[in-house]
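Novice: Structure of the sequence below:
(one chain, ligands or ions: 4)
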Amino acid sequence: MDQLSHQFITIAGARENNLKEVSLRIPKGRLTVFTGVSGSGKSSVVFDTIAVESQRQLNETFTWFVRNRLPKYERPHADTIEDLSPAIVVDQKPIGGHSRSTVGTMTDIYSVIRVLFSRHGTPSAGGATAYSFNDPSGMCPECDGLGRTVRPDYGRILDPAKSLADGAVLFPPFAAGTWQGQTYTNTTDLDTHKPVGEFTAAEREFLLRGGGSKKVNVNNTGGARDIDYEGLADRFERLYLNRDLSTLAQKTRDMVQEFLQEGRCPTCHGARLNAAALATRIGGLSITDCTRMEVTDLIVALGRIHDPVAGPIAGAAVAALERIEAIGLGYLSLDRETSSLSGGEGQRLKMVRHLGSSLTGMTYIFDEPSVGLHPRDVGRLNDLLLRLRDKGNTVLVVEHDPDVIAVADHVVDMGPRAGTGGGLVVFEGTPDELRGADTLTGRQLRRTRGVKERPREATGGHWIEDADLHNLKNVSVRVPTGVLTAVTGVAGSGKSTLVSGAYVGSRPDAVVVDQSAIGISGRSTPATYLGIMDTLRKLFARETGERASLFSFNSQGACERCQGRGIIYSDLAFMDPVTTTCEACEGRRFKEEVLRLTVGGHSIVDVLEMTAERALDFFDRLGDGFDDKGVRRRLGALRDVGLTYLTLGQPLSTLSGGERQRIKLATQLHRTGTTYVLDEPTTGLHMADVDGLLALLDRLVDAGNTVVVVEHNLDVVKHADWVIDLGPDGGKHGGRIVFEGTPAQLLDATGSFTADHLRGALG
Ligand code: ADP
Ligand code: ADP
Ligand code: ZN
Ligand code: ZN
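Specialist: Ligands and ions are numbered 1, 2, ... in the order given. Prediction:
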């Protein structure tokens with residue numbers, strides 16, 4: 001046994017969020033999985049206690065000069081937290097919207113390829129930056145390395161059926177009747193009564209680009225005068241494109257945006273690089289050929305470079321590419337913008353970066369890394385987690401997937417329930433011991449579930465015809481109505497493209513319940529989102545005789561220091577923005593005087609600190625006279641989606657993707673005849689929570705709705721009425737329907753990875 005195995009991270013008396021004096025010894029140099037129902041306190045231990053304290057202690061080691069510039073972490077609520085090592089959190093936060101970030105740049109593989117081309121390509125365009133689209137020496141001069149250009153959309157700016165005098169110019173600042181519009185309604189060089197769609201090429205050119213010496217007679221306020229004619233396109237570009245847009249009012253910018261279209265750059269055709277960089281070849285391939293290929297193909301192409309000098313560089317790129325392939329992302333290409341990746345794909349790519357690093361003695365923390373992974377690929381994920389461990393690191397994983405739990409050295413099961421009903425460690429030990437444990441997780445692991453015996457009959461069908469977006473190979477498929485359909489397939493097979501693109505695109509009435517952020521305001525809470533806040537304000541005003549606005553932290557009741565945010569937000573240029581609790585109100589958002597006003601012994605802050613469950617109680621005790629706007633029904637919806645453990649005032653920004661998805665669903669229940677589309681609704685759900693979710697989906701279907709879910713979770717697949725399986729593999733090797741039918745029929749299907757795993761799961 002190595003020395004590390006004798007060491008532990010020890011925590012005593014942890015009290016963050018719902019934790020009830022949790023004490024734990026986590027073995028170092030081992031893989032520990034934290035499991036338990038959603039809201040039981042896993043994140044409170046792993047992220048809010050261990051990761052925060054590790055970061056805080058690390059910051060303490062710097063000089064005051066550096067420390068003053070670092071985020072200030074508050075000490076987590078715990079008696080002691082000892083023997084931590086530096087923690088690296090690999091989460092599912094989106095990698096970011098910035099369009100210069102691609103799979104190649106974020107993994108650093110692009111810089112290796114650049115070195116390869118600059119040293120060994122012919123003809124060489126120059127030193128490394130000559131192949132960088134983020135550097136002036138390499139970027140395409142037309143699009144500045146973005147691969148896309150923004151141009152005025154003349155299809156919107158002009159109505160071809162109308163004449164200039166008649167209002168053909170639709171762009172408001174240049175429209176007929178405006179001061180600038182007179183140029184086009186009064187010009188004597190064009191027939192202003194001829195529909196612009198009938199203009200000759202020369203006339204159109206004059207309308208857009210004519211100018212210089214031509215005069216237009218303008219008869220404005222009685223007196224006539226001559227002004228210079230300026231082409232419509234020239235004027236648009238001068239006023240709205242060739243200037244610093246930030247000088248325009250937001251309203252103007254939004255308006256202009258409506259009349260712009262983004263398209264592939266006509267010069268580089270999306271390749272982002274200048275002509276010299278694009279002309280360079282290695283073994284017949286240009287750098288763009290390399291970045292456009294799927295990773296799996298690029299490994300083969302670079303593997304053919306046997307030159308004694310270039311070979312080792314190509315080999316370094318191949319080693320990194322193989323790590324991407326190993327985590328099931330071989331279908332991505334290096335030029336894919338990171339902003340278009342899903343949370344799970346992003347997390348696995350971040351993992352690639354750490355796998356290549358030679359650091360040891362670190363604590364790596366993962367948040368449900370199996371999200372978005374087909375059971376086929378979970379084995380590969382496990383290999384990677386174990387490799388990180390074997391390099392001498394401590395690996396902590398929050399996870400529900402039984403296949404990941406199975407490879408853990410140590411499991412910590414939190415519970416017994418969510419929120420105030422949880423916050424305890426209910427089991428610690430090996431996966432084998434957990435299977436025998438009398439906890440929700442233990443019981444779920446022992447249980448076997450068969451496929452649905454009697455699936456519902458469809459009431460009809462929606463057809464998707466010839467879908468060819470992304471990797472889809474002219475897919476035509478019927479999505480049955482009035483039933484629960486699971487769309488399955490390995491990552492990258494085209495599930496999201498088919499459902500969120502083709503299906504939803506053709507059904508504008510579908511209700512899409514996804515995991516994206518809710519709203520833009522940092523002030524949203526379950527109370528505001530569900531419309532309960534208004535009721536609360538009215539109730540407090542009625543009972544205390546004060547103005548309702550006093551009970552709003554967006555209005556008169558707000559703490560003056562933080563303006564009702566409860567937190568102070570510091571944006572540091574060189575790192576992630578940091579938030580700290582407001583010292584004046586201690587995070588309560590309200591002014592002191594508001595806190596003294598109570599209803600039934602509770603201040604508004606007390607009520608906002610209640611879980612949905614307790615708030616239901618609170619309203620019940622007020623009696624039947626008070627059910628403004630169905631506040632009980634709204635709180636009941638939170639219970640239906642399994643979120644009773646949330647407090648009414650918890651910022652929505654603290655919710656996980658899965659919780660965001662479920663709170664959105666809570667506002668969409670009580671419909672009939674609707675199509676619901678959910679992308680991986682089991683994210684963040686414990687096996688026991690999945691039962692609750694399935695019951696809810698059943699209720700929606702039984703109420704006359706159609707429900708379509710993209711899912712990997714085999715319990716959901718078994719429970720569906722109908723399965724559409726895409727594949728056979730990811731990327732260009734996917735995009736076909738490999739199976740449609742009932743779960744029982746899927747058991748007999750061949751050529752489907754989903755079928756293989758379903759048979760495996762049934763033993
Ligand atoms: P899990 O990770 O097991 O799903 P969490 O640790 O996220 O559970 O949550 C445990 C409890 O703490 C829940 O009741 C949750 O609503 C609450 N909680 C989590 N984060 C916050 C927060 N930032 N503010 C207030 N309550 C929180
Ligand atoms: P799944 O949902 O089954 O994981 P996706 O529909 O996300 O699969 O992806 C199917 C294929 O389409 C993959 O090759 C993927 O790389 C590609 N793809 C998905 N989204 C985009 C996008 N925004 N831009 C370019 N390619 C995309
Ligand atoms: Zn370009
Ligand atoms: Zn404050």
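Novice: Enumerate the residues of the chain near ligand 1.
Specialist: Counting by Cβ under 6 Å from any ligand atom, the chain comes close to ligand 1 at 17-18, 36, 38-44, 414, 419, 645-647, 650, 654. For glycine as for every other residue, the C-beta is placed from the backbone atoms N, C-alpha and C.
Novice: Can you tell me which of those residues are buried?
Specialist: When those are checked for burial by 16 or more other Cβ atoms under 10 Å, the buried set is 17-18, 36, 38-44, 414, 419, 645-647, 650.
Novice: Return the closest of those with respect to Thr675.
Specialist: In terms of Cβ to Cβ, no member of those lies closer to Thr675 than Ser38, at 25.8 Å.
Novice: Kindly provide the distance from that closest one to Asp606.
Specialist: Distance of Ser38 to Asp606, given as Cβ to Cβ, to the nearest Å: 25 Å.
Novice: Tell me which of the buried ones among the residues of the chain next to ligand 1 fall in strands.
Specialist: With strands identified by DSSP state E, the entries of these that belong to them are Met414.
Novice: Could you check how many residues crowd around the residue of the stretch 251-400 of the chain found nearest ligand 1?
Specialist: Scanning the stretch 251-400 of the chain for the residue nearest ligand 1 gives Val398, at 6.3 Å (criterion: Cβ to the nearest ligand atom). Applying the criterion other Cβ atoms under 10 Å, we find 23 residues in the vicinity of Val398.
Novice: quick one: contacts for it?
Specialist: 33-35, 42-43, 46, 366-368 (Cβ atoms under 8 Å, 6 or more residues apart in numbering).
Novice: export those to TSV and tack on pLDDT?
Specialist: Below are the contacts of Val398 laid out as TSV (pLDDT from 0 to 100):
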residue	pLDDT
Val33	98
Phe34	98
Thr35	97
Lys42	96
Ser43	94
Val46	97
Phe366	94
Asp367	91
Glu368	90
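Novice: Which one of those is nearest to His306?
Specialist: Relative to His306, the closest of the contacts of Val398 is Phe366; by Cβ to Cβ it sits at 37.8 Å.
Novice: so what are the domain limits for the chain?
Specialist: As assigned by automatic domain parsing, the chain contains the domains 3-93+341-446, 103-147+267-326, 150-264, 460-518+657-761, 526-654.
Novice: so the residue nearest to Arg272 when sequence neighbours are not counted is in which element?
Specialist: Once flanking residues are discounted, Arg272 sits nearest to Phe133: 3.7 Å by Cβ to Cβ, 6 or more residues apart in numbering. Using DSSP states H and E, Phe133 sits in no helix or strand.
Novice: residues near Phe133, how many?
Specialist: When neighbours are counted by other Cβ under 10 Å, Phe133 comes out with 27.
Novice: Spit out the contact partners of the closest residue to Glu583 other than its chain neighbours.
Specialist: Nearest non-adjacent residue to Glu583, counting by Cβ to Cβ, 6+ apart: Arg561, 7.2 Å away. With contacts defined as Cβ under 8 Å, 6+ apart, the neighbours of Arg561 are 568, 582-585.
Novice: Pick out whichever of these sits closest to ligand 3.
Specialist: For the contacts of Arg561, the minimum distance to ligand 3 (Cβ to the ion) is 42.2 Å, reached by Ile568.
Novice: doesn't Thr579 make contact with that closest one?
Specialist: Yes - in terms of Cβ atoms under 8 Å, Ile568 counts as a neighbour of Thr579; the distance is 7.0 Å.
Novice: Sounds good, over and out.
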